[in-house]
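1. Sharing a model prediction with you, sequence too.
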Amino acid sequence: MPPVIGFLFDAEGLSARDKEDIQRQSGGLVAFLPRRMFENYLLLPDAICAIMNSIEGFRNIPVQRDEILTWLAQHQWDGK
């Protein structure tokens, strides 16, 4: 197995201080991207809908697939 030269993550909502702490604790092996990683863009509306509807008390009426599609379309270019 090749030696570890580093780890690259997206921030996942971490504060600047949390990221600095992780970088320090890793001895500089961890770096954070300014945007989310690619897998965050491979969202499956049916899977999201199923998970949301499986959470007890999430909401009174079931979430519909079209709601997820609409939300994703409206927010796909948001920088956050």
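-> On my side now, so go ahead. Residues are numbered from 1 along each chain as shown.

2. what about the helices in the chain?
-> Secondary structure of the chain by DSSP state H: the helices cover 16-25, 45-54, 65-75.

3. Dump those helices to TSV, plus mean neighbour count and mean pLDDT.
-> Quick note: C-beta positions are derived from backbone N, CA and C, even for glycine. Shown next, in TSV, are those (neighbours: other C-beta atoms under 10 Å; pLDDT from 0 to 100):
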stretch	mean neighbour count	mean pLDDT
helix 16-25	12	95
helix 45-54	13	93
helix 65-75	12	92
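
4. Columns distance to residue 36 on top of the ones you listed, output as JSON lines?
-> Formatted as JSON lines, the helices of the chain follow (distance: least, C-beta to C-beta, whole Å):
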{"stretch": "helix 16-25", "distance to residue 36": "14"}
{"stretch": "helix 45-54", "distance to residue 36": "15"}
{"stretch": "helix 65-75", "distance to residue 36": "12"}
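
5. Domain-wise, how is the chain divided?
-> Under the assignment automatic domain parsing, the domains of the chain span 7-37, 43-75.

6. For residue 1, find the nearest of these.
-> Among the domains of the chain, domain 7-37 comes nearest to residue 1, with 14.8 Å by C-beta to C-beta.

7. chain center to that closest one, what's the gap?
-> Distance of domain 7-37 from the chain centroid (C-alpha atoms, centre = their mean, to the nearest Å) equals 14 Å.

8. shouldn't residue 30 be in contact with residue 10?
-> No - the criterion here is C-beta atoms under 8 Å, and residue 30 misses it with residue 10 at 11.7 Å.

9. hmm, back to that, got the domains of the chain as a markdown table, with distance to residue 1 columns?
-> Putting the domains of the chain into a markdown table (distance: least, C-beta to C-beta, whole Å) gives the following:
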| stretch | distance to residue 1 |
| --- | --- |
| domain 7-37 | 15 |
| domain 43-75 | 32 |
